[in-house]
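K.L.:
What follows is a predicted structure for the sequence shown.
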Amino acid sequence: MKQFTLLLFFLALLSCKSQTQNSSQQHALVVIDEANFFTQSQTDSISKIILDFEKQTTNQICVYIKDSIPNQENTLTYATKLANNLGVGQAEKNNGLLLLISKHDRQIAIATGTETEKVITDIICYDLIENILVPSFKEERYFEGVLQVLDSVKVKWVNP
């Protein structure tokens, strides 16, 4: 009986460890901060918001921060490539959205899946960038700007 209890205990430990790894892997996929733009606490907050939204809707969001965009590539084209390479959104639903921020280039783009684009249109993306992110970033309120965009996206995506 002791061996059986001990075996159950070790299985429980392994189970908890794999769940923790999956959670941290999910966090790493929804916020990719190559430019150290956010503190760890801010990254965790953004990740939680995104993962909670995904649980509610299945819609997937990724916030990707780079130091700069390679080879002077078009920001939106690059964001779309990143979203496709990372697999943001479910393939059968095309329900992904990637917010790309290039720190040194001072470029921002929002790439959307084909189904997402029906609700979060290019005009809405432009408005989010120009009227929320740019003013927030000019005041060096990066975290607050991203949170505001995420809130707006969530509202628009759920209540088109």
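P.N.:
In hand now; what should we look at?

K.L.:
Over to Leu128. Which of the three states is it?
P.N.:
helix (DSSP: H, G, I helix; E, B strand; the rest coil).

K.L.:
nearest residue to it other than its sequence neighbours?
P.N.:
Once flanking residues are discounted, Leu128 sits nearest to Val149: 5.1 Å by Cβ to Cβ, 6 or more residues apart in numbering. C-betas here are computed from N, CA, C, even on glycine.

K.L.:
Just say helix, strand or coil for the residue nearest in space to the middle of the chain.
P.N.:
When Cα atoms, centre = their mean is applied to the chain, the residue found nearest the centroid is Cys62 (2.0 Å). Secondary structure assignment for Cys62 (three-state DSSP): strand.

K.L.:
Am I right that it is in contact with Val30?
P.N.:
Yes: using Cβ atoms under 8 Å, Cys62 is in contact with Val30, at 5.6 Å.

K.L.:
so what sits against both of these two?
P.N.:
Counting by Cβ atoms under 8 Å, 6 or more residues apart in numbering, the contacts common to Cys62 and Val30 are Ile50.

K.L.:
Please name the spatially closest residue to Gln42 (chain neighbours excluded).
P.N.:
Phe143 (4.7 Å).

K.L.:
which residues does the one you found contact?
P.N.:
38, 42, 45-46.

K.L.:
mind checking which helix or strand it is in?
P.N.:
helix 142-158 (DSSP states H and E).

K.L.:
Could you give me the buried positions within that helix?
P.N.:
142-143, 145-150, 152-154, 157 (16 or more other Cβ atoms under 10 Å).

K.L.:
With stretch 44-61 instead?
P.N.:
Quick answer for stretch 44-61 (16+ other Cβ under 10 Å): 45-47, 49-51, 53-54, 59-61.

K.L.:
Tell me the one of the residues you listed nearest Gly87?
P.N.:
Gln60 (8.6 Å; Cβ to Cβ).

K.L.:
Could you measure from that closest one over to Val158?
P.N.:
14 Å (Cβ to Cβ, to the nearest Å).

K.L.:
quick one: low-confidence ranges for the protein?
P.N.:
1-28, 160 (pLDDT under 70).
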